[in-house]
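Chemist: Okay, predicted coordinates and the sequence, questions at the end:
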Amino acid sequence: GAVVSQHPSRVICKSGTSVKIECRSLDFQATTMFWYRQFPKQSLMLMATSNEGSKATYEQGVEKDKFLINHASLTLSTLTVTSAHPEDSSFYICSASVLGPSNEQFFGPGTRLTVL
Amino acid sequence: QKEVEQNSGPLSVPEGAIASLNCTYSDRGSQSFFWYRQYSGKSPELIMSIYSNGDKEDGRFTAQLNKASQYVSLLIRDSQPSDSATYLCAAGGGADGLTFGKGTHLIIQP
């Protein structure tokens, strides 16, 4: 149980284009989904917290107009990188959690974004 | 600013020995602590979670938490070459996202 999928796993795009990444909880309903970004040889950095039916909460320094998050259902959250630039190239990882005593987050396999 | 600090390593341990990984955290309000293993190019994989002071054992892994010292550790017994990876310590969870340390690169020498 507790499987989270991401699509696509890898994407290469030209500078200025927009890229959408999907995150799905396959066998549970996630009350909250999180988006992280990891640059090479760095740790995961939380970008935003997404709750179904409400606006995402962005971490300091993350541009909400550039990284659009939609959380339309309890099993799906999307991250759209708008007008991507080479500095946006990174490993984007989502996670999903269910409110409860364990506070565990279940991570998706990640999406490698390369902007040319 | 919530911070989680780890020694980046690399930490080199002979096969069969005990690997000891440590981290400290800054937010005294943190209630949940996690150790993740991450292989290069892959997503983190949960190894252990710990919520109360003391030790928690699961197979070859033991997590230790000391809230007074704001210190979390992970012991890996009988280390195997397949344990070679980057180990991420994280604090937080629930409605909040996780704050990760930069990770400790562990190398198990055959």
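Modeler: On my side now, so go ahead. Residues are numbered from 1 along each chain as shown, chains lettered A, B, ... in the order given.
Chemist: can you list the residues of chain A near chain B?
Modeler: Within reach of chain B by C-beta under 8 Å from any C-beta of the partner chain, chain A has these residues: A:32, A:34, A:36, A:42-46, A:49, A:59, A:91, A:93, A:95, A:97, A:99, A:101-110, A:112. From N, CA and C alone the C-beta is placed, and that goes for glycine too.
Chemist: which residues of chain A fall in strands?
Modeler: Counting by DSSP state E, chain A has these strands, from start to end: A:4-7, A:10-13, A:19-25, A:32-38, A:45-51, A:57-58, A:67-73, A:76-81, A:90-97, A:105-107, A:111-115.
Chemist: okay, these in TSV with mean pLDDT, distance to B:Phe33 and mean neighbour count next?
Modeler: Output for the strands of chain A, formatted as TSV (pLDDT from 0 to 100; distance: least, C-beta to C-beta, whole Å; neighbours: other C-beta atoms under 10 Å in any protein chain shown):
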stretch	mean pLDDT	distance to B:Phe33	mean neighbour count
strand A:4-7	96	21	18
strand A:10-13	97	32	14
strand A:19-25	96	23	21
strand A:32-38	94	17	25
strand A:45-51	92	16	21
strand A:57-58	94	22	18
strand A:67-73	90	26	17
strand A:76-81	95	25	22
strand A:90-97	94	15	25
strand A:105-107	89	12	24
strand A:111-115	97	27	19
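Chemist: is the closest residue to A:Gly108 other than its chain neighbours in a bridge, and if so with what?
Modeler: Leaving aside its chain neighbours, A:Gly108 sits nearest to A:Gln6 (3.8 Å; criterion: C-beta to C-beta, 6 or more residues apart in numbering or on different chains). Beta bridges link A:Gln6 to A:Cys23 when assigned by DSSP bridges.
Chemist: Nearest the geometric middle of chain A, what residue?
Modeler: With distances taken as C-alpha atoms, centre = their mean, A:Trp35 lies nearest the centre of chain A, 3.4 Å away.
Chemist: Let me know the distance separating the nearest residue to it once chain neighbours are set aside from B:Gln38.
Modeler: Spatial nearest neighbour of A:Trp35, chain neighbours left out: A:Met47 (4.6 Å); criterion: C-beta to C-beta, 6+ apart. Note on A:Met47: its distance to B:Gln38, by C-beta to C-beta, to the nearest Å, is 18 Å.
Chemist: And the contacts of the strand or helix carrying B:Leu21?
Modeler: Using DSSP states H and E, B:Leu21 falls within strand B:19-25. With contacts defined as C-beta atoms under 8 Å, 6 or more residues apart in numbering or on different chains, strand B:19-25 is touched by B:2-7, B:11, B:13, B:33, B:35, B:69-76, B:79, B:83, B:87, B:89, B:91, B:99, B:101, B:104, B:106, B:108.
Chemist: Just give me how far that strand sits from the chain centre.
Modeler: In terms of C-alpha atoms, centre = their mean, to the nearest Å, the centre of strand B:19-25 is set 6 Å apart from its chain centre.
Chemist: Need the distance between the two termini of stretch B:82-95.
Modeler: One end of stretch B:82-95 to the other measures 33 Å (C-alpha to C-alpha, to the nearest Å).
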